[in-house]
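Peer 1: No sequence on hand, only this structure:
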């Protein structure tokens, strides 16, 4: 089953507005990552937040993490039409022999209209 | 340019045929992964490899096979045993270590006719 569940499933906003997406997960994590996927393309890493961090910024992105509630949020400020994409949270887990297993949520489809 | 390439971008297959999807990376990453994505869904892990000549099953390995003969290459074969192979397939790579970012290729869309 999916570890992360994003909310809302779809979001439509006007250019210049802020977009907030939420992610809930079930088990303990070392870190949580957010990825972006343009339609029919691969995923692009946006930001990683570790379990001992509560907030992290990168440009117009702000990510929060509440490990007590097992939830994270991604805020995109001053959205642009180019931000239109699907956004996924991914939680980590260790793989046999080392390495990083990522468990992805179902994603939020963001549409930013002019 | 460093990155991951996948080919082909689109692939059509008749039922009963095996097909092989290519994945190559020049990021010098030890770990490579194959994911499957169905419409409106997240990604599910098929196989992964931490080192050359070694690989492990992911969550949905049935009907798939892989090889890792070179560090740069991790091809995925979708066999005729895979009951519902039509999907978008994504390859990724990373350094070996908990919490490392994964870098994704552009994907291959496989359609079974």
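Peer 2: Nice, I can see it. Predicted model only: the values in this text are computed from it and were never measured.

Peer 1: Can you list the strands that the lowest-mean-pLDDT helix or strand in chain A pairs with?
Peer 2: For chain A, using mean pLDDT, DSSP states H and E, the weakest element among its helices and strands is strand A:100-104, scoring a mean of 82. The partner list of strand A:100-104 in its sheet, established with DSSP bridges, is strand A:85-94 (antiparallel).

Peer 1: what's the average pLDDT for the partner strand?
Peer 2: Mean pLDDT, strand A:85-94: 88.

Peer 1: again with stretch B:11-23
Peer 2: Per-residue scores along stretch B:11-23 average to 93.

Peer 1: Tell me who's in contact with the residue nearest the centre of chain B.
Peer 2: The residue lying closest to the centre of chain B (CA atoms, centre = their mean) is residue B:34, at 2.9 Å. By CB atoms under 8 Å, 6 or more residues apart in numbering or on different chains, the contact set of residue B:34 is B:23, B:45-48, B:58, B:64, B:66, B:74, B:76, B:89-92. All C-beta atoms are positioned from the backbone trio N, CA, C, and that covers glycine.

Peer 1: ok so, going back, the least confident helix or strand of chain A: how far from the chain's middle?
Peer 2: Centre-to-centre, strand A:100-104 and its host chain are 13 Å apart (CA atoms, centre = their mean, to the nearest Å).

Peer 1: just checking, what packs against the helix or strand following it?
Peer 2: Counting by DSSP states H and E, the next helix or strand C-terminal to strand A:100-104 is strand A:108-113. Identification of packing neighbours for strand A:108-113 by 3 or more CB pairs under 8 Å, 6 or more residues apart in numbering or on different chains; DSSP states H and E yields strand A:10-14, strand A:19-24, strand A:85-94.

Peer 1: Go ahead and confirm residue A:37 touches residue A:104.
Peer 2: No. Applying CB atoms under 8 Å as the test, residue A:37 and residue A:104 come out as separate, 10.0 Å apart.

Peer 1: Next, show the common contact partners of those two.
Peer 2: Joint contacts of residue A:37 and residue A:104 (CB under 8 Å, 6+ apart) are residue A:88.

Peer 1: coming back round to it: the helices and strands packed on strand A:108-113: which one's closest to residue A:44?
Peer 2: Proximity to residue A:44 (CB to CB) singles out strand A:85-94 among the helices and strands packed on strand A:108-113, at 8.7 Å.

Peer 1: low-scoring stretches of the chain, by residue?
Peer 2: Here I'm looking at chain A. By pLDDT under 70, the weakly predicted segments of chain A are A:1-4, A:94-100.

Peer 1: ah, no, chain B please
Peer 2: B:1-2, B:98-99.

Peer 1: swap the cut-off to 80 and go again
Peer 2: Low-confidence segments of chain B (pLDDT under 80): B:1-2, B:40, B:97-100.

Peer 1: quick one, strands of it?
Peer 2: Counting by DSSP state E, the segments of chain B that form strands are B:4-7, B:10-13, B:19-25, B:31-37, B:43-51, B:54-57, B:64-66, B:76-78, B:87-94, B:103-104, B:108-112.

Peer 1: wait, does the longest one make contact with chain A?
Peer 2: In other words, strand B:43-51. Yes. With CB under 8 Å from any CB of the partner chain as the measure, strand B:43-51 is seen reaching chain A through B:43, B:44, B:45, B:48, B:50, B:51.
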